[in-house]
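> any chance you can model this:
(chains A, B, C and D)
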Number of protein chains: 2
Amino acid sequence: MSPLLESARARTARTSRLTMVDIARLAGVDVSTVSRALADSSRVTDETKERIRKIVEEHGYVVNHGARMLRNKMAGQVLVLLPNIAASFFPEVILGIEETLQNEQISVIVGSTQHDRAREDVLARQILNGAADGIILLTGRIPEVLRSYPGFEKKIVAVGRALKETEIPCVNIDNKRAIETAVNHLVERGYSDIAHLGGPHGSPTFSARIDGYKAAMEQAGLASNIRIAAGERFNIDAGRDAMERLMREGKVPAAVVCASDEMAMGAIRYVRSQGLSVPRDMAVVGFDDIPFAGVYEPPLTTIRTPRRQMGELGAKMLLKNLRAPSFKSKSIILNHELIIRESSGGELDR
Amino acid sequence: MSPLLESARARTARTSRLTMVDIARLAGVDVSTVSRALADSSRVTDETKERIRKIVEEHGYVVNHGARMLRNKMAGQVLVLLPNIAASFFPEVILGIEETLQNEQISVIVGSTQHDRAREDVLARQILNGAADGIILLTGRIPEVLRSYPGFEKKIVAVGRALKETEIPCVNIDNKRAIETAVNHLVERGYSDIAHLGGPHGSPTFSARIDGYKAAMEQAGLASNIRIAAGERFNIDAGRDAMERLMREGKVPAAVVCASDEMAMGAIRYVRSQGLSVPRDMAVVGFDDIPFAGVYEPPLTTIRTPRRQMGELGAKMLLKNLRAPSFKSKSIILNHELIIRESSGGELDR
DNA sequence: TTGAAAGCGTTACCAA
DNA sequence: TTGGTAACGCTTTCAA
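The predicted structure is shown next:
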């Protein structure tokens, strides 16, 4: 047993709080009546309800969560699993999830996995032990422990990072098409020597972006110009490293499409350190439109992902699944948006 | 198949999951023995433990969280309350908190309050109903509902945003001195016309920064140059707005010290839109050293706050308080660090 | 409309 | 070392 538990018990006597029985006693009724009153059951007189409510208010009584969980087999909590909360993509998704769930009196447990399977499993145990009712996956993969759980598919929703398991509903954008949008933008601007700074190959999301890049280049008849530098992360450092590799290995590309805004910034920083200028010497397009993209210098042309909305819809979808397990949710693809700023030359006058 | 197993199966079908009773039946022992075995009590033979462990493993049994909570009066969860998870200061603090607590098998509930007292109260109820054992406040103020809770001070720790209530322990930097460091840096560089873009007056944190600015200016004999533009937020937009006000109201300051990196970026963006250049026409110092500060153009001179460490120490402090409520934790002040980059002219050769 | 009582799954005390 | 059992605080069915 954890030491935290031991001392909690020792303290119980002192910290002991009012229970429903106490309220019942004070109101001169049975616990069951209090329970019904608090649930606003129609089988309690308004008069009694009012009396009870007043006493509850007065004494600051709050229903015990553990007991309620035990009875109802519902935790009123949802687990959000993500690889790294410090990556700018996630906080706004969480915001959307929280806003939606707070309205439903459901709270959010956030678990940062650091891409570690063992951590994913430890955190996902909260579904197994009932501490969480459902799980919103921003990691792009299902924790192994969940697979043995019967009917687990009904408790999972993916957001922003698609899963290989297509039977799990997902709220996402079309990553392939989004990168195509970015490439086409550069092609329209007259660029042909366009490289891609990509994220981890293992991730469906980032490999979809890599595929989208290839497809768009081929469609534009630029197959021979395809150049990709991809790493294991998609943060600032990964962007710098990828750009460094690209420039060391061959000539400086005329333009690059990056798998994230953070990579774009890391890349631009490196380009500058080599005495080059963006967009004059190289056009750059990012991905996500994080808040900093617009104030970066140069402001980043990027693909806007509707992160908050993704969070909202993911949360709603999960709720629907939890409440009506027979209902079969369909995945949702949201629209991305090309935001043209100066890193690719800015808006053109026509 | 053994009849024991069959009955366990039958039970499983009826109820949703395996319980300890099922495991006991399968192992041919009493529930109490299973409970002890799982708690690794010394009052169970290694042999029995091993047998039970194997069955547990085999059937993927997990202890029910609600029942455990009800018995132990412990949730194994900590609530982290913050105003806005999208503000760059917070995610790394959360990371530090999570890492520390994950090692202790405690999970983190994140609550974004949007600066709304009602939301703070709703979220803080989780302390009252026992869903969370303690609370780490990054909001700078105590939710009202908690005040009526006896001994609530022992369950609260503040991180990064000091409270007015000095009896609650806090992990923080010395905000006043930190801003003084920033101002002095500019003074040493020969600037005298130094303004401050501040955060919300109502926040002890940001008013400490405002005070620090004033104090440093006075100490440098520049009291007459004091100029402050402060808003209700400390994000990019707030920085832009504050700078706009400053430039509309009077002459362009030679340098500004900002209350956050985000404000600095918003401010620089506005300065640029007016055709001026940083640091040539204006030196800028930020606050926090968020990851983007180093890749911004120009890279931001800023005050580095040890956010991850703050989270770690805050979590440890809370644990200590929860485990030994008689222990009186002392607040911790961590060192800040001046990071000199180009937005204030860069490193000088000597 | 209200009360009584049976659990929910676990832990800890007391016996054996 | 193990078993039996009484809580923990709540909800819900069944009676009254």
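> drop to CA atoms for contacts and neighbour counts, all remaining ones
Fine.
> ok, for residue A:346, nearest residue in space, not its chain neighbours?
Among residues not flanking residue A:346 along the chain, residue A:340 sits closest, at 6.0 Å (C-alpha to C-alpha, 6 or more residues apart in numbering or on different chains).
> surely the one you found meets residue A:294?
No: taking contacts as C-alpha atoms under 8 Å, residue A:340 lies outside contact range of residue A:294: 10.0 Å.
> shared neighbours of the two, anything?
Taking C-alpha atoms under 8 Å, 6 or more residues apart in numbering or on different chains as the contact rule, residue A:340 and residue A:294 both touch residue A:300.
> give me the number of residues near residue A:151?
Using other C-alpha atoms under 10 Å in any protein chain shown, residue A:151 has 11 other residues around it.
> any idea how far it lies from DNA strand C?
Counting by C-alpha to the nearest atom of the strand, to the nearest Å, the gap from residue A:151 to DNA strand C is 17 Å.
> same deal with residue A:155?
18 Å.
> contact partners for the residue nearest to residue A:346?
Contacts of residue A:340 by C-alpha under 8 Å, 6+ apart are A:300-302, A:346-347.
> which one of the residues you listed is nearest chain B?
Distances from chain B to those, taken as C-alpha to the nearest C-alpha, are shortest for residue A:300 (11.7 Å).
> most neighbours of all the contacts of residue A:340, which one?
Going by other C-alpha under 10 Å, residue A:302 tops these with 32 neighbours.
> and that residue, what is it in contact with?
A:182, A:261, A:285-289, A:293, A:338-341.
> can you say which two of those are spatially most distant?
A:182 and A:293 (15.1 Å; C-alpha to C-alpha).
> so which of those two has more stuff around it?
residue A:182 (27 against 24).
> neighbours around residue A:232, how many?
Residues near residue A:232, counting by other C-alpha under 10 Å: 12.
> my guess is it meets residue A:200, correct?
Yes: here residue A:232 lies in contact with residue A:200, judged by C-alpha under 8 Å, at a distance of 4.5 Å.
> show residues contacting the host helix or strand of residue A:54.
Element membership for residue A:54 (DSSP states H and E) is helix A:46-59. Residues outside helix A:46-59 that contact it (C-alpha under 8 Å, 6+ apart) are A:23-24, A:26-27, A:34, A:37-38, A:40, A:62.
> now stretch A:296-314: mean pLDDT?
Confidence for stretch A:296-314, expressed as mean pLDDT, is 97.
> wait, I meant stretch A:48-64
Across stretch A:48-64, the per-residue pLDDT values average to 95.
> alpha carbons only: can I get that stretch in CSV?
In CSV, the C-alpha atoms belonging to stretch A:48-64 read as follows (Å, rounded to 0.1, in the frame of the first residue of the first chain):
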residue,chain,number,x,y,z
THR,A,48,-39.2,18.2,1.5
LYS,A,49,-36.8,18.9,-1.3
GLU,A,50,-36.5,22.4,-0.3
ARG,A,51,-35.9,21.6,3.3
ILE,A,52,-33.2,19.1,2.4
ARG,A,53,-31.6,21.5,0.0
LYS,A,54,-31.4,24.1,2.6
ILE,A,55,-29.7,21.8,5.1
VAL,A,56,-27.3,20.6,2.4
GLU,A,57,-26.4,24.2,1.5
GLU,A,58,-26.0,25.2,5.1
HIS,A,59,-23.7,22.4,6.0
GLY,A,60,-21.8,22.4,2.7
TYR,A,61,-22.5,18.8,2.1
VAL,A,62,-21.2,17.2,-1.0
VAL,A,63,-22.0,13.7,-2.3
ASN,A,64,-19.1,11.3,-1.8
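> and residue A:165, that's in a helix?
No: counting by DSSP: H, G, I helix; E, B strand; the rest coil, residue A:165 is not part of a helix but coil.
> how much space separates it from residue A:331?
12 Å (C-alpha to C-alpha, to the nearest Å).
> the more surrounded of the two?
When residue A:165 and residue A:331 are compared for neighbours, residue A:331 comes out ahead with 19 against 12, by other C-alpha under 10 Å.
> quick one: that one and residue A:173 touch, right?
No: Residue A:331 lies out of contact with residue A:173 (C-alpha under 8 Å); the separation is 10.4 Å.
> the helix or strand containing residue A:338 pairs with which strands?
Per DSSP H and E: residue A:338 is located in strand A:337-339. Sheet pairing of strand A:337-339 (DSSP bridges) gives strand A:302-304 (antiparallel).
> next SSE downstream of the strand it pairs with?
helix A:307-323.
> show the subsequent helix or strand relative to that next one.
In N-to-C order, the element after helix A:307-323 by DSSP H and E is strand A:332-334.
> contacting residues for residue A:67?
B:66-67, B:69-70 are the contacts of residue A:67 under C-alpha under 8 Å, 6+ apart.
> now with 7 Å?
B:66, B:70 (C-alpha atoms under 7 Å, 6 or more residues apart in numbering or on different chains).
> quick check on the closest residue to DNA strand D within the stretch 51-200 of chain A: phi, psi?
Closest residue of the stretch 51-200 of chain A to DNA strand D, C-alpha to the nearest atom of the strand: residue A:63 (3.7 Å). Dihedral pair for residue A:63: phi -60, psi 140, per degrees, to the nearest 10.
> alright, that wraps it up for me.
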